[in-house]
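>>> mind looking at a prediction? Sequence and model below.
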Amino acid sequence: MKLYKLLFLVLFLLSASIAFGQSSAELKRKKEALQREIDLLQKNANKVANNKRLTLSQINSLNAKIRLMQNKIGVINSEMKNLDNQIHENTNTVQDLKGQLGQLKKEYASMIRFAQRNRSSYDKMMFIFAARDFNQAYMRIKYLQQFGQYRKKQADYIQGKQKDLNYKIVILDKNLKEKSSLLHEQENEKNKLGKNKNEQSKVLNKFSKEERQYKQDISERKKLQVQLDRNIRAAIAREIEIARKKAEDEERLAAASAKADNKPAPVAKAKTTAGYLTATPEAAKLSTAFESNRGALPWPVATGSITERFGKHMEGQASYVNDGVNIETAENSPVRAVFNGKVTTVMDQFGKYFVLIQHGQYFTVYQNLKSVTVAKGEEVSTKQTIGTVANSEGTPQLQFQIRRGMVAQNPEAWIAK
């Protein structure tokens, strides 16, 4: 029973150690990813630091950087919590191993004392000859042989336990050093966060002093975005109308064919936008595949950080709506299609391009491109380059949208975390 309990304990600790390793590695990857985003935003901020005039993009970038830094501190806290659990487990294991080792040494000492008392060949012979019959004499011979073997095994087992104990002590020491390092990292991140929050306060103070100018900027930006969104919706409406006419033409042809053959007319499908856009088996399959990848679509740029989120935004007393997300990325970054589809629109608007790609009943929109590498009617594949990002207010930004028919979706719910 002791052996079974010991095996169970070893297996439990091994599985806990593996689980901790996986969780720790995952947290480390997440922390590194957050740091890459922070570094990218800082690099872009350094390029426009000398601009006397503050822009809305700079404000959004600073807010995003603070959010990322807070997330990173949260990840460090999770790492320390995991490490505390591991330290607690390893401390218990060390204590348990010390107890087992002490008990084994006591048992071994008793065996040694017994062996010392019965070490002479005469004593052993007397022990054997004192048997009441041959079978008992044989069993006593086997007992003496097995006792010697068991004593050797016990010595080896004690050495093994000592090695296990030494190894766990090394691991525990490593855990404590890692915790010290994490505490130091956490302190540094909190200091950096404090500095950025001070900068944020200065920026917001400056914003409030020059609010009239910023309201005018937001108003101008809103006008441009309203025009862009109107063109996007018009382009999608054209595709819906083309799909509707095609579906209705096919229904009329099917009805005429049935009438000519004296057969009942086929049942007409429901007249919905989704029905028109997925009328063909290929479109329906593509739409289903796109939908099944919700939360796992690749980002439209290889590296980047969301600086403006989906929905309504307030800057002072001014408000505006973003039908997608703004992703700040590196200079001249390639822009990629997030899924297989067909390019339905490439339009030059205010000196920048936007590309519209259809995926069944879904559409993805890529705004603020300085150049494009695809044309209307072209089939594209997942992660295929479709253009290059342009600068907006001094920073390279992509405005990315996902729409289900005409309805805007929150891209953060669709792209991979």
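Ah, there it is. These numbers come from a predicted model, not from an experiment.
>>> can you tell me the closest non-neighbouring residue to Y353?
Nearest non-adjacent residue to Y353, counting by CB to CB, 6 or more residues apart in numbering: L369, 4.2 Å away. C-betas here are computed from N, CA, C, even on glycine.
>>> specify the local secondary structure of the one you found.
strand (DSSP: H, G, I helix; E, B strand; the rest coil).
>>> go ahead and confirm it touches R336.
No. Using CB atoms under 8 Å, L369 is not in contact with R336; the gap is 11.6 Å.
>>> look up which residues are beta-bridged to the residue nearest to Y353.
With DSSP bridges as the criterion, L369 is bridged to Y353, V389.
>>> return every residue with contacts to both of L369 and R336.
Common neighbours of L369 and R336, counting by CB atoms under 8 Å, 6 or more residues apart in numbering, are I386.
>>> quick revisit: what about the residue nearest to Y353, how many neighbours?
Residues near L369, counting by other CB atoms under 10 Å, number 21.
>>> how near is it to W299?
Taking CB to CB, to the nearest Å as the measure, L369 falls 15 Å from W299.
>>> and if you look at E241?
In terms of CB to CB, E241 sits 31 Å off from W299.
>>> what about these two, which has more around it?
More crowded of E241 and W299, by other CB under 10 Å: W299, with 18 against 11.
>>> for the more buried one, which non-adjacent residue is closest in space?
Nearest to W299 is I415, by CB to CB, 6+ apart, at 5.5 Å.
>>> what pLDDT does the model give that neighbour?
Listed pLDDT for I415 reads 95.
>>> residues near it, how many?
21.
>>> ok, now which ones touch it?
Contacts of I415 were listed using CB under 8 Å, 6+ apart, and they are G295, L297, P298, W299, P300, V338.
>>> only the buried subset of the residues you listed, as a ChimeraX command please.
The ChimeraX command for the buried members of the contacts of I415 (criterion: 16 or more other CB atoms under 10 Å) is given here:
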select :297,299,300,338
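>>> need the max-distance pair from the contacts of I415.
G295 and P300 (15.3 Å; CB to CB).
>>> one step back: what does the pLDDT read for the residue nearest to Y353?
We note a pLDDT of 95 for L369 in this prediction.
>>> show me the contacts for it.
Residues near L369 by CB under 8 Å, 6+ apart: V335, K352, Y353, F354, V355, I386, G387, T388, V389, A390, L398.
>>> do the same with L228
L228 touches Q349, F350, F354, Q367, counting by CB under 8 Å, 6+ apart.
>>> is it in a helix, a strand, or coil?
Look at L228: counting by three-state DSSP, its state is helix.
>>> how about the helices in the stretch 101-250 of the chain?
Listed in chain order, the helices of the stretch 101-250 of the chain (DSSP state H, counting those that start in this stretch) span 121-129, 134-209, 211-260.
>>> what's the closest non-adjacent residue to L27?
Using CB to CB, 6+ apart and skipping residues adjacent in sequence, the residue nearest L27 is E79, 5.0 Å away.
>>> what number of residues lie near the one you found?
For E79, the count of nearby residues is 21 (other CB under 10 Å).
>>> quick one: it from K174, how far?
14 Å.
>>> could you do N44 as well?
For N44, the distance to K174 - CB to CB - is 38 Å.
>>> higher neighbour count, those two?
N44 (25 against 12).
>>> right, and the secondary structure at the more buried one would be what?
Classification of N44 using three-state DSSP returns helix.
>>> circling back to that earlier point, can you say which of the contacts of L228 are buried?
Of the contacts of L228, these count as buried by 16+ other CB under 10 Å: F354, Q367.
>>> closest to E308 among the contacts of L228?
Q367 (12.2 Å).
>>> wait, that closest one sits on A390?
No. Using CB under 8 Å as the test, Q367 is too far from A390 to be in contact (9.2 Å).
>>> in this protein, what helix or strand scores lowest on average pLDDT?
Sorting the helices and strands of the chain by mean pLDDT, DSSP states H and E puts helix 121-129 at the bottom, at a mean of 55.
>>> partner residues bridging the residue nearest to W299?
L297.
>>> so how far is T91 from it?
42 Å.
>>> roughly how far does I38 sit from S181?
19 Å.
>>> so for the two, which sits in the more crowded spot?
When neighbours are counted by other CB under 10 Å, I38 and S181 differ, and I38 comes out ahead with 22 against 11.
>>> so what's the more buried one closest to, chain neighbours aside?
Nearest one to I38, counting by CB to CB, 6+ apart, is L68 at 5.1 Å.
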